[in-house]
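> Pasting a predicted model and its sequence here:
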Amino acid sequence: MTNKLYYGDNLGVLREHIADESVDLIYLDPPFNSNASYNVLFKAPNGVQSQAQIEAFDDTWHWSEAAEDSYWQVLKGTNTDAARMLEAMRGFLGENDMMAYLAMMSIRLIELHRVLKPTGSLYLHCDPTASHYLKILIDAVFGARNFRNEIVWKRTSSANNPRRWGPVHDVVLFSSKSDAFNWNRTLQSYDQSYVGTKYRFSDERGTYRLSDLTASGTRNGESGKPWRGFDPTPIGRHWGIPKAILIEIGADDLSGTGAKLDALDEANFIYWTPGRPGSPGFPQLKRYIQDGQQIQSVIDDIPPVNSMAKERLGYPTQKPVALLERIISASSNPGDIVLDPFCGCGTTVHAAQKLDRQWIGIDVTHLAISLIERRLRDAFGRGAEFVTIGVPKDIEAARDLATRDKHEFEKWAIALVPDAQPFRGGRKGADTGIDGVVFLRTGKNKTDRAIVEVKGGGISVDQVHKLKSVIGREKALIGLFVTLNPPTRQMVAEAASAGFVEIDMGTGTQRFPRIQILTIEGLLSFREFPRLPIIDSTAFRKAPAEKSDKQAGFVF
């Protein structure tokens, strides 16, 4: 299987492209915040990020015809538990943003359950705004008995709020499709202050701490009988022998608790505390420090992606690669298929690629797909092979997108121009004659701009003339006229009449056409390129390169 990056609504992609029981692990971080927009921030050459926000998610979870349709699809579907639960939620919540979110998530969770293998697991990352509702829905779809963990990730060190506890964590809900789910023993680093306090002893085997060799509660069987003069029953306990250590010393097949305790003692895994004269000492288990401790349900050793992190791409909800590496390592094996249906800036696919898993990523915006493609190139070079599906690859597909969604077409077309970004974050608004911007560094401490105008329909010479006026009004250096249809001779002549700009490039002065007409077909086939004085490209933040010996190619 080739790694796949899909552009489109994940519900449609799941139904049309992902087979039943074909995925080993699903991680999703579906956006929900009724007062927020989900933006990708791109750094301008002058270092000011707020001037260049690109909208990757707009919070569209509102009660609408689409939400109503999702609700009825669940009610008419075969998962009656999910239908009953969603109906009850609507009776309680009514028709509001939260209910719309839950309806649209329910139908997607049903599809995710379908594509997951019986040995597979699902991790849903959310904040406390909706985690309690989502937990109920997951239980309805996957079965409450298949819920494994609520994982808490401490995403920030502190949060100040004058009237409540500081909200510093996210929740990750972990469920499996069956009891036969994949699980790998995965370790995390010890807290060094804990190591210094607890691991205070050492012998020829290494550094160890002392822990109880008994467990709570009395037993009538073998585990409740006295051993070497010590009886755990009067103190309300019984012998608790770690199976992992028995396996390590080859004593797991011994019959009888006493024989197993003897084997532990002979292997020097028991420490006897000094006893009173005439009475036995107290046996304690030696627990030797290893490479790390078993991963815990509270994750406080993986910091968030802060503003100075090398992996930061400017995506405000970006999760650290280390967090996804831990999840993927625990619940999948090399070669398994990892799916992220809300892949955003691509942290899941990045981690999956790094850990030699196959992956599928889905996102509804061209901007996110473009960012992920660049991220994988930067991080893995030719070490990652993938195919992008759903993004227009030829002129006919581009025409189809322009007909279906003019706004998405404009953002996609802007992404064809190297280092261009949508004007004002790509938000819809009054036509200012500016669809996109390319920041240009034209000299030391000097920044200029190129204006991008995109046309997906009819074009005329008046539009080129208007672009000339916009360049003058905005004091921009160059104007790029990107068109789906071929320009007329009059348009080419009007562009040529704008003349040239001359830029000192450090190695001499170069001339650049002030107005340049570029066709979608030419950009797609790499026959046309904008002529821009770019000395330093910084529109997209680069992902740090990952070390890899693999040599492969990209497929687009």
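Perfect, thanks for sending it. Numbers count the residues shown, from 1 in each chain.
> who are the neighbours in contact with the residue lying closest to Asp363 once chain neighbours are set aside?
Excluding the flanking residues, the one nearest Asp363 by C-beta to C-beta, 6 or more residues apart in numbering is Cys343, at 5.0 Å. The C-beta positions use only the backbone N, C-alpha and C, and glycine is treated the same way. Cys343 is in contact with 5, 349, 361-363, 368, 372, counting by C-beta atoms under 8 Å, 6 or more residues apart in numbering.
> Lowest pLDDT pick from those?
pLDDT across these is lowest for Ala368, at 80.
> what about it, helix or strand, and which?
helix 366-380 (DSSP states H and E).
> helices and strands around the very next helix or strand once past that helix, which ones?
Moving toward the C-terminus from helix 366-380, the next helix or strand (DSSP H and E) is strand 386-389. Applying 3 or more C-beta pairs under 8 Å, 6 or more residues apart in numbering; DSSP states H and E, one finds that strand 386-389 contacts strand 3-7, helix 366-380.
> Ser223 versus Lys260, what's the distance?
Remark: distance between Lys260 and Ser223 (C-beta to C-beta, to the nearest Å) = 10 Å.
> Please apply the same query to Leu477.
81 Å.
> Am I right that the residue nearest to Asp363 falls within a helix?
No: under the criterion used here (DSSP: H, G, I helix; E, B strand; the rest coil), Cys343 is coil, not part of a helix.
> Just the CA atoms from stretch 120-127 would do, formatted as CSV, please.
The C-alpha trace of stretch 120-127 is given here as CSV (Å, rounded to 0.1, in the frame of the first residue of the first chain):
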residue,chain,number,x,y,z
GLY,A,120,-7.3,-2.0,16.1
SER,A,121,-7.6,0.9,18.5
LEU,A,122,-9.0,4.5,18.4
TYR,A,123,-7.6,7.5,20.2
LEU,A,124,-9.8,10.6,20.2
HIS,A,125,-8.0,13.8,21.4
CYS,A,126,-10.3,16.6,22.7
ASP,A,127,-10.5,19.3,25.4
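> what's the average pLDDT for it?
The model assigns stretch 120-127 a mean pLDDT of 94.
> In the stretch 151-300 of the chain, mark out all the helices, start to finish.
Ranges of helices in the stretch 151-300 of the chain, per DSSP state H, counting those that start in this stretch, are 192-198, 243-248, 257-266.
> With respect to Asp81, which of the ones you listed lies nearest?
Between Asp81 and these, the tightest spacing by C-beta to C-beta is seen for helix 243-248, at 35.5 Å.
> hmm, who's touching that closest one?
252, 254, 260, 263-264, 269, 285.
> Pull the most distant pair out of those.
It's Leu254 and Leu285 that sit farthest apart of these, by C-beta to C-beta, at 16.7 Å.
> So for those two, which sits in the more crowded spot?
Using other C-beta atoms under 10 Å as the criterion, Leu254 and Leu285 rank with Leu285 on top: 19 against 15.
> which residues touch that one?
Applying C-beta under 8 Å, 6+ apart to Leu285 gives the contacts 210-213, 242, 245, 264, 269-271.
> In ChimeraX, select just the buried ones from the residues you listed.
Per 16 or more other C-beta atoms under 10 Å, the buried members of the contacts of Leu285 correspond to this ChimeraX selection:
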select :210,213,245,264,269,270,271
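> Redo the contacts of Leu285 as a markdown table? Include pLDDT and distance to Val501.
What follows is the contacts of Leu285, written out as a markdown table (pLDDT from 0 to 100; distance: C-beta to C-beta, whole Å):
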| residue | pLDDT | distance to Val501 |
| --- | --- | --- |
| Leu210 | 89 | 77 |
| Ser211 | 87 | 74 |
| Asp212 | 88 | 78 |
| Leu213 | 89 | 81 |
| Pro242 | 84 | 74 |
| Ile245 | 87 | 75 |
| Leu264 | 90 | 81 |
| Phe269 | 91 | 78 |
| Ile270 | 90 | 83 |
| Tyr271 | 89 | 81 |
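> picking up where we left off before, ok, which of the helices and strands packed on strand 386-389 comes nearest Lys76?
With C-beta to C-beta as the yardstick, what comes closest out of the helices and strands packed on strand 386-389 is strand 3-7 (26.1 Å).
> And the strands in the stretch 401-550 of the chain, which stretches?
421-422, 436-443, 446-455, 478-483, 500-504, 509-513, 515-519 (DSSP state E, counting those that start in this stretch).
> any chance of those strands in CSV, plus mean neighbour count, mean pLDDT and distance to Leu187?
Converted to CSV, the strands of the stretch 401-550 of the chain look like this (neighbours: other C-beta atoms under 10 Å; pLDDT from 0 to 100; distance: least, C-beta to C-beta, whole Å):
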stretch, mean neighbour count, mean pLDDT, distance to Leu187
strand 421-422, 26, 86, 41
strand 436-443, 21, 85, 45
strand 446-455, 22, 91, 48
strand 478-483, 25, 96, 52
strand 500-504, 14, 89, 55
strand 509-513, 14, 91, 56
strand 515-519, 21, 97, 53
